[in-house]
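Undergrad: predicted model, plus sequence, below.
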Protein chains: 2
Amino acid sequence: MPDVRLKLTVEYDGTGFRGWAAQPDLRTVEGELRGALGSVFSMFENLAVAGRTDTGVHALGNVVSVDAGGGPPAERAAEALNTALPDDVSVIAAEHAAPDFHARHSASARSYRYRIWLRRAPSPFEQRRSWWYPRPLAEDRLQDAADLLLGEHDFRAFTPAETQHQVFRRNVLRAEWHRRGDALELEITADGFLRHMVRTLVGTMVELRPEEIALLLEGRPRSEAGSTAPPWGLYLERVDY
Amino acid sequence: MPDVRLKLTVEYDGTGFRGWAAQPDLRTVEGELRGALGSVFSMFENLAVAGRTDTGVHALGNVVSVDAGGGPPAERAAEALNTALPDDVSVIAAEHAAPDFHARHSASARSYRYRIWLRRAPSPFEQRRSWWYPRPLAEDRLQDAADLLLGEHDFRAFTPAETQHQVFRRNVLRAEWHRRGDALELEITADGFLRHMVRTLVGTMVELRPEEIALLLEGRPRSEAGSTAPPWGLYLERVDY
(Lines give C-alpha, C1' and ligand atoms only; values in the text may rest on other atoms or scores of the structure.)
Protein backbone atom coordinates (compact mmCIF):
# COMPACT_ATOMS: atom_id res chain seq x y z
CA MET A 1 0.00 0.00 0.00
CA PRO A 2 1.36 3.46 -0.84
CA ASP A 3 2.89 4.99 2.23
CA VAL A 4 2.64 8.71 1.76
CA ARG A 5 0.47 11.41 0.18
CA LEU A 6 2.51 13.79 -1.93
CA LYS A 7 1.79 17.32 -3.12
CA LEU A 8 3.51 17.95 -6.46
CA THR A 9 3.77 21.40 -8.07
CA VAL A 10 3.97 21.01 -11.82
CA GLU A 11 5.08 23.39 -14.59
CA TYR A 12 4.46 22.63 -18.26
CA ASP A 13 4.50 24.14 -21.71
CA GLY A 14 1.08 23.13 -23.04
CA THR A 15 2.09 23.35 -26.71
CA GLY A 16 2.79 19.66 -27.19
CA PHE A 17 -0.09 18.30 -25.08
CA ARG A 18 -3.75 17.55 -25.65
CA GLY A 19 -4.43 19.16 -22.30
CA TRP A 20 -4.11 17.73 -18.82
CA ALA A 21 -6.50 14.79 -18.67
CA ALA A 22 -5.20 11.37 -19.71
CA GLN A 23 -6.80 10.03 -22.91
CA PRO A 24 -5.98 6.84 -24.80
CA ASP A 25 -3.46 7.37 -27.63
CA LEU A 26 -3.12 11.12 -26.99
CA ARG A 27 -0.15 12.88 -25.45
CA THR A 28 -1.37 14.57 -22.25
CA VAL A 29 0.34 16.02 -19.18
CA GLU A 30 -1.42 13.56 -16.88
CA GLY A 31 -0.38 10.69 -19.15
CA GLU A 32 3.29 11.74 -18.99
CA LEU A 33 3.12 12.25 -15.22
CA ARG A 34 1.51 8.85 -14.68
CA GLY A 35 4.26 7.27 -16.76
CA ALA A 36 6.94 8.98 -14.65
CA LEU A 37 5.22 8.05 -11.36
CA GLY A 38 5.04 4.45 -12.56
CA SER A 39 8.75 4.35 -13.30
CA VAL A 40 9.85 6.07 -10.06
CA PHE A 41 7.43 4.45 -7.54
CA SER A 42 6.45 0.81 -7.25
CA MET A 43 2.81 1.86 -6.68
CA PHE A 44 0.68 5.00 -6.74
CA GLU A 45 -3.05 5.81 -6.57
CA ASN A 46 -5.59 8.58 -5.92
CA LEU A 47 -4.04 11.06 -8.34
CA ALA A 48 -5.95 14.37 -8.36
CA VAL A 49 -5.13 17.73 -9.98
CA ALA A 50 -6.15 21.29 -9.13
CA GLY A 51 -6.67 22.44 -12.74
CA ARG A 52 -7.59 20.22 -15.67
CA THR A 53 -6.12 22.54 -18.28
CA ASP A 54 -7.25 22.44 -21.93
CA THR A 55 -5.17 21.69 -25.01
CA GLY A 56 -2.41 24.27 -25.44
CA VAL A 57 -2.85 25.87 -22.01
CA HIS A 58 0.31 26.21 -19.91
CA ALA A 59 0.96 25.88 -16.19
CA LEU A 60 3.53 27.54 -13.98
CA GLY A 61 2.19 25.94 -10.81
CA ASN A 62 -0.54 23.35 -11.24
CA VAL A 63 -0.86 21.09 -8.20
CA VAL A 64 -1.25 17.32 -7.99
CA SER A 65 -1.99 15.12 -4.97
CA VAL A 66 -1.09 11.45 -5.15
CA ASP A 67 -0.44 8.54 -2.80
CA ALA A 68 2.85 6.95 -3.74
CA GLY A 69 4.99 4.23 -2.20
CA GLY A 70 8.06 2.17 -2.89
CA GLY A 71 10.10 5.06 -4.21
CA PRO A 72 12.28 7.99 -3.15
CA PRO A 73 11.36 10.16 -0.15
CA ALA A 74 9.43 13.37 -0.86
CA GLU A 75 12.58 15.50 -0.75
CA ARG A 76 14.08 13.56 -3.65
CA ALA A 77 10.86 12.85 -5.57
CA ALA A 78 10.97 15.96 -7.78
CA GLU A 79 14.44 15.21 -9.07
CA ALA A 80 13.59 11.53 -9.66
CA LEU A 81 10.38 12.40 -11.50
CA ASN A 82 12.10 15.03 -13.65
CA THR A 83 14.62 12.46 -14.80
CA ALA A 84 11.70 10.37 -16.05
CA LEU A 85 9.64 13.26 -17.51
CA PRO A 86 10.03 14.83 -20.97
CA ASP A 87 11.49 18.36 -21.25
CA ASP A 88 8.11 20.10 -21.59
CA VAL A 89 6.86 19.16 -18.10
CA SER A 90 8.73 19.60 -14.81
CA VAL A 91 7.93 18.89 -11.16
CA ILE A 92 9.19 22.05 -9.47
CA ALA A 93 8.34 20.98 -5.91
CA ALA A 94 7.41 17.77 -4.11
CA GLU A 95 6.43 17.66 -0.46
CA HIS A 96 4.61 15.55 2.10
CA ALA A 97 0.91 16.36 2.39
CA ALA A 98 -1.67 15.55 5.07
CA PRO A 99 -3.64 12.33 4.39
CA ASP A 100 -6.79 14.39 3.69
CA PHE A 101 -5.09 16.85 1.31
CA HIS A 102 -6.78 16.79 -2.11
CA ALA A 103 -5.31 18.92 -4.92
CA ARG A 104 -8.74 19.90 -6.26
CA HIS A 105 -11.12 19.81 -3.29
CA SER A 106 -8.73 21.44 -0.83
CA ALA A 107 -7.94 24.40 -3.09
CA SER A 108 -9.20 27.76 -1.81
CA ALA A 109 -8.17 29.88 -4.82
CA ARG A 110 -6.60 29.60 -8.24
CA SER A 111 -4.64 32.22 -10.15
CA TYR A 112 -4.31 32.45 -13.90
CA ARG A 113 -2.27 34.71 -16.12
CA TYR A 114 -3.26 35.62 -19.68
CA ARG A 115 -0.51 37.03 -21.89
CA ILE A 116 -1.15 39.22 -24.96
CA TRP A 117 1.74 40.14 -27.27
CA LEU A 118 1.12 43.62 -28.63
CA ARG A 119 4.14 44.37 -30.81
CA ARG A 120 3.41 44.97 -34.45
CA ALA A 121 5.94 42.30 -35.46
CA PRO A 122 5.41 38.77 -34.15
CA SER A 123 8.11 37.37 -31.84
CA PRO A 124 9.73 33.97 -32.40
CA PHE A 125 10.02 33.69 -28.61
CA GLU A 126 6.32 34.35 -28.05
CA GLN A 127 4.78 31.95 -30.57
CA ARG A 128 2.50 29.52 -28.70
CA ARG A 129 3.22 31.44 -25.47
CA SER A 130 1.00 34.48 -25.94
CA TRP A 131 -1.87 35.80 -28.07
CA TRP A 132 -0.36 37.98 -30.80
CA TYR A 133 -2.64 41.02 -31.05
CA PRO A 134 -0.85 43.64 -33.18
CA ARG A 135 -3.65 46.23 -33.06
CA PRO A 136 -4.17 49.06 -30.57
CA LEU A 137 -5.75 48.11 -27.24
CA ALA A 138 -7.20 50.65 -24.82
CA GLU A 139 -5.39 49.53 -21.69
CA ASP A 140 -7.34 51.77 -19.31
CA ARG A 141 -10.60 50.34 -20.66
CA LEU A 142 -9.28 46.82 -20.05
CA GLN A 143 -8.53 47.67 -16.41
CA ASP A 144 -11.97 49.30 -16.03
CA ALA A 145 -13.49 46.02 -17.22
CA ALA A 146 -11.27 43.98 -14.89
CA ASP A 147 -12.39 46.09 -11.92
CA LEU A 148 -15.99 45.08 -12.65
CA LEU A 149 -15.12 41.38 -12.23
CA LEU A 150 -14.21 41.71 -8.55
CA GLY A 151 -16.55 40.02 -6.09
CA GLU A 152 -19.17 37.35 -6.66
CA HIS A 153 -21.00 37.22 -10.00
CA ASP A 154 -22.84 34.80 -12.26
CA PHE A 155 -20.28 34.00 -14.96
CA ARG A 156 -22.44 31.76 -17.20
CA ALA A 157 -21.89 34.18 -20.11
CA PHE A 158 -18.21 33.21 -20.04
CA THR A 159 -18.43 29.42 -20.39
CA PRO A 160 -19.79 27.27 -23.25
CA ALA A 161 -23.58 26.99 -23.22
CA GLU A 162 -23.36 23.22 -23.23
CA THR A 163 -21.86 22.73 -19.83
CA GLN A 164 -21.42 20.31 -16.98
CA HIS A 165 -21.23 23.15 -14.47
CA GLN A 166 -24.26 23.46 -12.21
CA VAL A 167 -23.23 26.51 -10.24
CA PHE A 168 -22.12 29.56 -12.21
CA ARG A 169 -21.33 31.96 -9.40
CA ARG A 170 -17.65 32.52 -8.70
CA ASN A 171 -15.87 34.98 -6.43
CA VAL A 172 -13.11 36.95 -8.15
CA LEU A 173 -10.52 38.11 -5.64
CA ARG A 174 -8.10 39.94 -7.92
CA ALA A 175 -8.07 41.04 -11.57
CA GLU A 176 -5.25 43.27 -12.79
CA TRP A 177 -3.72 44.05 -16.15
CA HIS A 178 0.02 44.67 -16.15
CA ARG A 179 2.13 45.97 -19.00
CA ARG A 180 5.44 44.13 -19.33
CA GLY A 181 7.44 45.50 -22.24
CA ASP A 182 5.60 44.54 -25.41
CA ALA A 183 3.27 42.22 -23.50
CA LEU A 184 0.10 42.92 -21.57
CA GLU A 185 -0.88 40.37 -18.93
CA LEU A 186 -4.09 39.79 -17.01
CA GLU A 187 -3.55 38.34 -13.54
CA ILE A 188 -6.76 36.97 -12.14
CA THR A 189 -7.49 35.07 -8.92
CA ALA A 190 -10.83 33.49 -7.96
CA ASP A 191 -12.16 30.79 -5.68
CA GLY A 192 -12.72 28.80 -8.86
CA PHE A 193 -13.18 29.17 -12.60
CA LEU A 194 -15.71 27.84 -15.10
CA ARG A 195 -14.46 26.09 -18.22
CA HIS A 196 -12.93 28.62 -20.69
CA MET A 197 -13.79 31.43 -18.26
CA VAL A 198 -10.47 33.29 -18.31
CA ARG A 199 -10.12 33.02 -22.09
CA THR A 200 -13.69 34.22 -22.67
CA LEU A 201 -13.24 37.08 -20.19
CA VAL A 202 -10.12 38.15 -22.09
CA GLY A 203 -11.78 37.89 -25.51
CA THR A 204 -14.77 39.85 -24.21
CA MET A 205 -12.69 42.55 -22.52
CA VAL A 206 -10.85 43.08 -25.81
CA GLU A 207 -14.08 43.27 -27.86
CA LEU A 208 -16.73 44.89 -25.65
CA ARG A 209 -17.04 48.05 -23.58
CA PRO A 210 -16.95 47.88 -19.76
CA GLU A 211 -20.63 48.86 -19.51
CA GLU A 212 -21.56 45.90 -21.73
CA ILE A 213 -19.48 43.59 -19.56
CA ALA A 214 -21.23 44.84 -16.42
CA LEU A 215 -24.54 43.56 -17.86
CA LEU A 216 -23.03 40.19 -18.77
CA LEU A 217 -22.08 39.59 -15.12
CA GLU A 218 -25.74 39.30 -14.22
CA GLY A 219 -26.06 35.81 -15.72
CA ARG A 220 -26.61 36.56 -19.41
CA PRO A 221 -26.22 33.77 -21.98
CA ARG A 222 -22.89 32.88 -23.63
CA SER A 223 -24.07 34.26 -26.96
CA GLU A 224 -23.92 37.84 -25.65
CA ALA A 225 -20.25 37.66 -24.63
CA GLY A 226 -17.21 37.98 -26.90
CA SER A 227 -14.79 35.49 -28.43
CA THR A 228 -12.78 32.94 -26.52
CA ALA A 229 -9.14 34.04 -26.63
CA PRO A 230 -6.68 31.36 -27.81
CA PRO A 231 -5.41 28.80 -25.28
CA TRP A 232 -1.70 29.44 -25.84
CA GLY A 233 -1.84 32.78 -23.98
CA LEU A 234 -3.16 31.15 -20.79
CA TYR A 235 -1.09 30.03 -17.78
CA LEU A 236 -2.37 28.37 -14.60
CA GLU A 237 -0.04 30.26 -12.30
CA ARG A 238 -0.75 29.25 -8.72
CA VAL A 239 -3.14 27.30 -6.51
CA ASP A 240 -3.75 28.37 -2.93
CA TYR A 241 -4.81 26.05 -0.09
CA MET B 1 18.71 47.44 -60.38
CA PRO B 2 17.72 47.49 -56.68
CA ASP B 3 16.57 50.95 -55.76
CA VAL B 4 17.16 51.23 -52.03
CA ARG B 5 19.43 50.01 -49.26
CA LEU B 6 17.48 48.63 -46.34
CA LYS B 7 18.44 48.12 -42.71
CA LEU B 8 16.54 45.15 -41.26
CA THR B 9 16.47 44.31 -37.55
CA VAL B 10 15.93 40.59 -37.13
CA GLU B 11 14.83 38.48 -34.14
CA TYR B 12 15.08 34.69 -34.16
CA ASP B 13 14.91 31.63 -31.98
CA GLY B 14 18.09 29.80 -32.94
CA THR B 15 16.81 26.37 -31.88
CA GLY B 16 15.74 25.23 -35.34
CA PHE B 17 18.63 26.72 -37.31
CA ARG B 18 22.14 25.65 -38.21
CA GLY B 19 23.23 29.17 -37.39
CA TRP B 20 23.07 32.30 -39.49
CA ALA B 21 25.18 31.62 -42.57
CA ALA B 22 23.47 30.03 -45.57
CA GLN B 23 24.67 26.50 -46.35
CA PRO B 24 23.40 24.08 -48.98
CA ASP B 25 20.73 21.68 -47.68
CA LEU B 26 20.81 23.11 -44.13
CA ARG B 27 18.14 25.27 -42.52
CA THR B 28 19.78 28.60 -41.64
CA VAL B 29 18.46 32.05 -40.73
CA GLU B 30 20.15 33.62 -43.74
CA GLY B 31 18.65 30.94 -45.99
CA GLU B 32 15.14 31.66 -44.72
CA LEU B 33 15.66 35.42 -45.01
CA ARG B 34 16.98 35.12 -48.57
CA GLY B 35 13.93 33.04 -49.45
CA ALA B 36 11.60 35.69 -48.04
CA LEU B 37 13.48 38.54 -49.76
CA GLY B 38 13.21 36.63 -53.04
CA SER B 39 9.45 36.26 -52.68
CA VAL B 40 8.81 39.88 -51.60
CA PHE B 41 11.24 41.77 -53.88
CA SER B 42 11.89 41.21 -57.55
CA MET B 43 15.63 41.63 -56.93
CA PHE B 44 18.06 41.98 -54.04
CA GLU B 45 21.84 41.95 -53.58
CA ASN B 46 24.69 42.88 -51.23
CA LEU B 47 23.21 41.20 -48.19
CA ALA B 48 25.41 41.65 -45.09
CA VAL B 49 24.80 40.83 -41.42
CA ALA B 50 26.21 42.26 -38.19
CA GLY B 51 26.54 38.94 -36.37
CA ARG B 52 27.02 35.54 -38.00
CA THR B 53 25.57 33.62 -35.06
CA ASP B 54 26.39 29.93 -34.49
CA THR B 55 24.00 26.97 -34.42
CA GLY B 56 21.48 27.35 -31.60
CA VAL B 57 22.34 30.98 -30.80
CA HIS B 58 19.40 33.39 -30.66
CA ALA B 59 19.03 37.01 -31.71
CA LEU B 60 16.82 39.76 -30.34
CA GLY B 61 18.24 42.38 -32.67
CA ASN B 62 20.68 41.18 -35.31
CA VAL B 63 21.01 43.66 -38.18
CA VAL B 64 21.08 43.06 -41.93
CA SER B 65 21.81 45.47 -44.75
CA VAL B 66 20.58 44.67 -48.24
CA ASP B 67 19.83 46.44 -51.51
CA ALA B 68 16.33 45.54 -52.61
CA GLY B 69 14.06 46.68 -55.41
CA GLY B 70 10.75 45.89 -57.05
CA GLY B 71 8.90 45.38 -53.78
CA PRO B 72 7.13 47.23 -50.97
CA PRO B 73 8.50 50.51 -49.58
CA ALA B 74 10.66 50.27 -46.43
CA GLU B 75 7.75 51.13 -44.14
CA ARG B 76 5.85 48.05 -45.30
CA ALA B 77 8.81 45.71 -45.84
CA ALA B 78 8.82 44.19 -42.33
CA GLU B 79 5.19 43.12 -42.54
CA ALA B 80 5.64 41.73 -46.04
CA LEU B 81 8.76 39.79 -45.09
CA ASN B 82 7.15 38.38 -41.93
CA THR B 83 4.31 37.00 -43.99
CA ALA B 84 6.90 35.07 -46.01
CA LEU B 85 9.10 34.03 -43.06
CA PRO B 86 8.59 31.02 -40.76
CA ASP B 87 7.46 31.60 -37.16
CA ASP B 88 10.93 31.30 -35.66
CA VAL B 89 12.37 34.37 -37.39
CA SER B 90 10.84 37.84 -37.50
CA VAL B 91 11.85 41.18 -39.02
CA ILE B 92 11.05 43.59 -36.19
CA ALA B 93 12.06 46.76 -38.05
CA ALA B 94 12.82 47.78 -41.63
CA GLU B 95 14.08 51.22 -42.57
CA HIS B 96 15.90 53.11 -45.32
CA ALA B 97 19.65 53.22 -44.87
CA ALA B 98 22.34 55.39 -46.41
CA PRO B 99 23.95 53.89 -49.56
CA ASP B 100 27.20 53.31 -47.67
CA PHE B 101 25.58 51.65 -44.63
CA HIS B 102 26.96 48.15 -44.11
CA ALA B 103 25.50 46.00 -41.32
CA ARG B 104 28.87 44.54 -40.35
CA HIS B 105 31.45 47.17 -41.26
CA SER B 106 29.45 50.14 -39.99
CA ALA B 107 28.76 48.60 -36.56
CA SER B 108 30.44 50.41 -33.68
CA ALA B 109 29.39 48.00 -30.90
CA ARG B 110 27.53 44.75 -30.35
CA SER B 111 25.68 43.63 -27.23
CA TYR B 112 25.08 40.04 -26.20
CA ARG B 113 23.11 38.56 -23.36
CA TYR B 114 23.89 35.16 -21.83
CA ARG B 115 21.12 33.56 -19.76
CA ILE B 116 21.73 30.94 -17.04
CA TRP B 117 18.76 29.15 -15.43
CA LEU B 118 19.61 28.47 -11.80
CA ARG B 119 16.52 26.79 -10.37
CA ARG B 120 17.00 23.27 -9.08
CA ALA B 121 14.16 22.01 -11.28
CA PRO B 122 14.44 22.54 -15.04
CA SER B 123 11.81 24.75 -16.68
CA PRO B 124 9.83 23.68 -19.76
CA PHE B 125 9.81 27.35 -20.79
CA GLU B 126 13.58 27.68 -20.56
CA GLN B 127 14.67 24.59 -22.48
CA ARG B 128 16.85 25.70 -25.42
CA ARG B 129 16.57 29.30 -24.17
CA SER B 130 19.03 29.25 -21.29
CA TRP B 131 21.84 27.17 -19.79
CA TRP B 132 20.37 25.08 -16.97
CA TYR B 133 22.89 25.22 -14.13
CA PRO B 134 21.21 23.86 -10.98
CA ARG B 135 24.23 24.22 -8.71
CA PRO B 136 25.21 27.17 -6.51
CA LEU B 137 26.96 30.06 -8.26
CA ALA B 138 28.83 32.80 -6.39
CA GLU B 139 27.18 35.79 -8.00
CA ASP B 140 29.50 38.37 -6.47
CA ARG B 141 32.50 36.45 -7.83
CA LEU B 142 30.91 36.47 -11.30
CA GLN B 143 30.55 40.25 -11.18
CA ASP B 144 34.14 40.61 -9.93
CA ALA B 145 35.23 38.63 -13.00
CA ALA B 146 33.01 40.71 -15.30
CA ASP B 147 34.57 43.92 -13.96
CA LEU B 148 37.98 42.65 -15.07
CA LEU B 149 36.81 42.41 -18.68
CA LEU B 150 36.22 46.14 -19.07
CA GLY B 151 38.57 47.95 -21.42
CA GLU B 152 40.88 46.61 -24.13
CA HIS B 153 42.42 43.16 -23.67
CA ASP B 154 43.83 40.28 -25.70
CA PHE B 155 40.99 37.74 -25.70
CA ARG B 156 42.73 34.89 -27.58
CA ALA B 157 42.19 32.59 -24.58
CA PHE B 158 38.45 32.83 -25.26
CA THR B 159 38.26 31.70 -28.89
CA PRO B 160 39.18 28.37 -30.50
CA ALA B 161 42.92 27.94 -31.05
CA GLU B 162 42.32 27.19 -34.72
CA THR B 163 41.06 30.57 -35.79
CA GLN B 164 40.63 32.90 -38.72
CA HIS B 165 40.92 35.93 -36.45
CA GLN B 166 44.13 37.89 -36.88
CA VAL B 167 43.58 40.52 -34.23
CA PHE B 168 42.60 39.35 -30.75
CA ARG B 169 42.28 42.65 -28.94
CA ARG B 170 38.75 43.80 -28.25
CA ASN B 171 37.40 46.70 -26.19
CA VAL B 172 34.70 45.68 -23.70
CA LEU B 173 32.45 48.63 -22.90
CA ARG B 174 30.05 47.00 -20.44
CA ALA B 175 29.83 43.66 -18.61
CA GLU B 176 27.15 43.21 -15.96
CA TRP B 177 25.45 40.23 -14.38
CA HIS B 178 21.79 40.74 -13.47
CA ARG B 179 19.60 38.44 -11.42
CA ARG B 180 16.09 38.08 -12.91
CA GLY B 181 14.02 35.69 -10.81
CA ASP B 182 15.49 32.22 -11.23
CA ALA B 183 17.73 33.40 -14.08
CA LEU B 184 21.10 35.11 -14.04
CA GLU B 185 22.04 37.07 -17.16
CA LEU B 186 25.33 38.50 -18.38
CA GLU B 187 24.93 41.65 -20.47
CA ILE B 188 28.09 42.43 -22.36
CA THR B 189 28.89 45.11 -24.93
CA ALA B 190 32.11 45.40 -26.93
CA ASP B 191 33.37 46.93 -30.15
CA GLY B 192 33.46 43.38 -31.47
CA PHE B 193 33.67 39.77 -30.35
CA LEU B 194 35.84 36.83 -31.32
CA ARG B 195 34.18 33.54 -32.29
CA HIS B 196 32.71 31.80 -29.17
CA MET B 197 34.03 34.65 -27.01
CA VAL B 198 30.90 35.30 -24.94
CA ARG B 199 30.24 31.60 -24.38
CA THR B 200 33.84 30.92 -23.37
CA LEU B 201 33.89 33.97 -21.08
CA VAL B 202 30.72 32.64 -19.38
CA GLY B 203 32.07 29.10 -19.03
CA THR B 204 35.34 30.46 -17.65
CA MET B 205 33.66 32.86 -15.20
CA VAL B 206 31.64 29.93 -13.85
CA GLU B 207 34.70 27.66 -13.49
CA LEU B 208 37.66 29.87 -12.59
CA ARG B 209 38.43 32.50 -9.98
CA PRO B 210 38.64 36.20 -10.94
CA GLU B 211 42.40 36.27 -10.31
CA GLU B 212 42.86 33.42 -12.79
CA ILE B 213 40.75 35.27 -15.34
CA ALA B 214 42.86 38.40 -14.93
CA LEU B 215 45.88 36.42 -16.11
CA LEU B 216 44.00 35.01 -19.10
CA LEU B 217 43.29 38.53 -20.36
CA GLU B 218 46.97 38.99 -21.13
CA GLY B 219 46.84 36.80 -24.23
CA ARG B 220 47.15 33.30 -22.79
CA PRO B 221 46.29 30.24 -24.93
CA ARG B 222 42.77 28.81 -25.21
CA SER B 223 43.82 25.73 -23.24
CA GLU B 224 44.09 27.75 -20.02
CA ALA B 225 40.51 29.07 -20.11
CA GLY B 226 37.34 27.22 -19.10
CA SER B 227 34.60 25.46 -21.00
CA THR B 228 32.51 27.01 -23.76
CA ALA B 229 28.99 27.49 -22.35
CA PRO B 230 26.20 26.04 -24.55
CA PRO B 231 24.90 28.12 -27.47
CA TRP B 232 21.24 28.07 -26.42
CA GLY B 233 21.84 30.55 -23.56
CA LEU B 234 23.27 33.20 -25.93
CA TYR B 235 21.34 36.10 -27.49
CA LEU B 236 22.70 38.74 -29.86
CA GLU B 237 20.75 41.58 -28.33
CA ARG B 238 21.66 44.80 -30.12
CA VAL B 239 24.01 46.32 -32.66
CA ASP B 240 25.01 49.97 -32.42
CA TYR B 241 26.07 52.17 -35.35
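TA: That came through, no problem.
Undergrad: quick one: name the residues of chain A near chain B.
TA: Applying CB under 8 Å from any CB of the partner chain, we find that chain A lies next to chain B at A:11-13, A:58, A:78-79, A:82, A:87-93, A:119-125, A:127, A:129. Every residue, glycine included, has its C-beta placed from N, CA and C.
Undergrad: 6 Å instead?
TA: Contact residues, chain A versus chain B (CB under 6 Å from any CB of the partner chain): A:11-13, A:78, A:87-88, A:90, A:92, A:121-122, A:124-125, A:127.
Undergrad: quick one, which of those residues has the minimum pLDDT?
TA: Within the residues of chain A next to chain B, pLDDT reaches its minimum at A:Gln127, with 93.
Undergrad: what sits against that one?
TA: Residues near A:Gln127 by CB atoms under 6 Å, 6 or more residues apart in numbering or on different chains: B:Asp87.
Undergrad: quick one: the strands in chain A, in order.
TA: Along chain A, counting by DSSP state E, strands occupy A:4-12, A:43-49, A:58-69, A:89-96, A:109-117, A:131-132, A:151-154, A:169-180, A:183-190, A:234-240.
Undergrad: ok, A:Asp147 to chain B distance?
TA: Separation of A:Asp147 from chain B (CB to the nearest CB, to the nearest Å): 28 Å.
Undergrad: could you find the closest non-adjacent residue to that residue?
TA: A:Ala175 (7.2 Å; CB to CB, 6 or more residues apart in numbering or on different chains).
Undergrad: local confidence estimate at the one you found?
TA: For A:Ala175, pLDDT reads 98.
Undergrad: what residues are up against it?
TA: Applying CB under 6 Å, 6+ apart to A:Ala175 gives the contacts A:Ala146, A:Leu149, A:Ile188.
Undergrad: one more pass at 8 Å, please.
TA: Contacts for A:Ala175 (CB atoms under 8 Å, 6 or more residues apart in numbering or on different chains) come out as A:Ala146, A:Asp147, A:Leu149, A:Leu150, A:Leu186, A:Glu187, A:Ile188, A:Thr189.
Undergrad: closest one to A:Val206 out of those, please.
TA: A:Leu186 (10.3 Å; CB to CB).
Undergrad: contacting residues for the residue nearest to that closest one when sequence neighbours are not counted?
TA: Among residues not flanking A:Leu186 along the chain, A:Tyr114 sits closest, at 4.3 Å (CB to CB, 6+ apart). Going by CB under 8 Å, 6+ apart, A:Tyr114 touches A:Trp131, A:Glu185, A:Leu186, A:Ile188, A:Val198, A:Arg199, A:Val202, A:Ala229, A:Gly233, A:Leu234, A:Tyr235.
Undergrad: for B:Ser111, see how far away A:Ser123 is.
TA: 18 Å (CB to CB, to the nearest Å).
Undergrad: how about A:Pro124?
TA: Distance, A:Pro124 to B:Ser111, by CB to CB: 19 Å.
Undergrad: and if you look at A:Arg238?
TA: Distance of A:Arg238 to B:Ser111, computed by CB to CB: 34 Å.
Undergrad: pull the number of nearby residues for A:Met197.
TA: By other CB atoms under 10 Å in any protein chain shown, 23 other residues sit near A:Met197.
Undergrad: contacting residues around it?
TA: A:Phe155, A:Phe158, A:Thr159, A:Arg170.
Undergrad: any chance of JSON lines for those, columns pLDDT and neighbour count?
TA: Listed next are those as JSON lines, based on pLDDT from 0 to 100; neighbours: other CB atoms under 10 Å in any protein chain shown:
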{"residue": "A:Phe155", "pLDDT": "97", "neighbour count": "24"}
{"residue": "A:Phe158", "pLDDT": "98", "neighbour count": "30"}
{"residue": "A:Thr159", "pLDDT": "97", "neighbour count": "22"}
{"residue": "A:Arg170", "pLDDT": "97", "neighbour count": "21"}
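Undergrad: could you list the low-confidence segments of chain A?
TA: Scanning chain A for pLDDT under 70 picks out A:1-2.
Undergrad: what's the closest of the contacts of A:Tyr114 to A:Leu215?
TA: The shortest gap between A:Leu215 and any of these belongs to A:Val202, at 18.0 Å (CB to CB).
Undergrad: how much space between the closest residue to the closest one other than its chain neighbours and B:Gly31?
TA: Spatial nearest neighbour of A:Val202, chain neighbours left out: A:Ala229 (4.1 Å); criterion: CB to CB, 6+ apart. Per CB to CB, A:Ala229 is found 34 Å from B:Gly31.
Undergrad: next: A:Val64.
TA: Applying CB to CB to A:Val64 and B:Gly31 gives a distance of 44 Å.
Undergrad: same check, this time on A:Glu224
TA: A:Glu224 is 49 Å from B:Gly31, by CB to CB.
Undergrad: how many residues are close by the nearest residue in space to A:His165 that is not next to it in sequence?
TA: Closest residue to A:His165 apart from its sequence neighbours, by CB to CB, 6+ apart: A:Leu194 at 5.4 Å. Under the neighbour criterion other CB under 10 Å, A:Leu194 is assigned a count of 21.
Undergrad: A:Ala94 contacts A:Pro73, doesn't it?
TA: No: contact between A:Ala94 and A:Pro73 fails when scored by CB atoms under 8 Å: they sit 9.3 Å apart.
Undergrad: comparing those two, which residue is more hemmed in?
TA: A direct count of neighbours by other CB under 10 Å for A:Ala94 and A:Pro73 places A:Ala94 higher, at 26 against 10.
Undergrad: ok, that one to A:Leu37 distance?
TA: In terms of CB to CB, A:Ala94 sits 11 Å off from A:Leu37.
Undergrad: name the residues contacting each of these two.
TA: Contacts common to A:Ala94 and A:Leu37, judged by CB under 8 Å, 6+ apart, are A:Leu81.
Undergrad: picking up where we left off before, surely the residue nearest to A:Val202 meets A:Met205?
TA: No: here A:Ala229 lies out of contact with A:Met205, judged by CB under 8 Å, at a distance of 9.1 Å.
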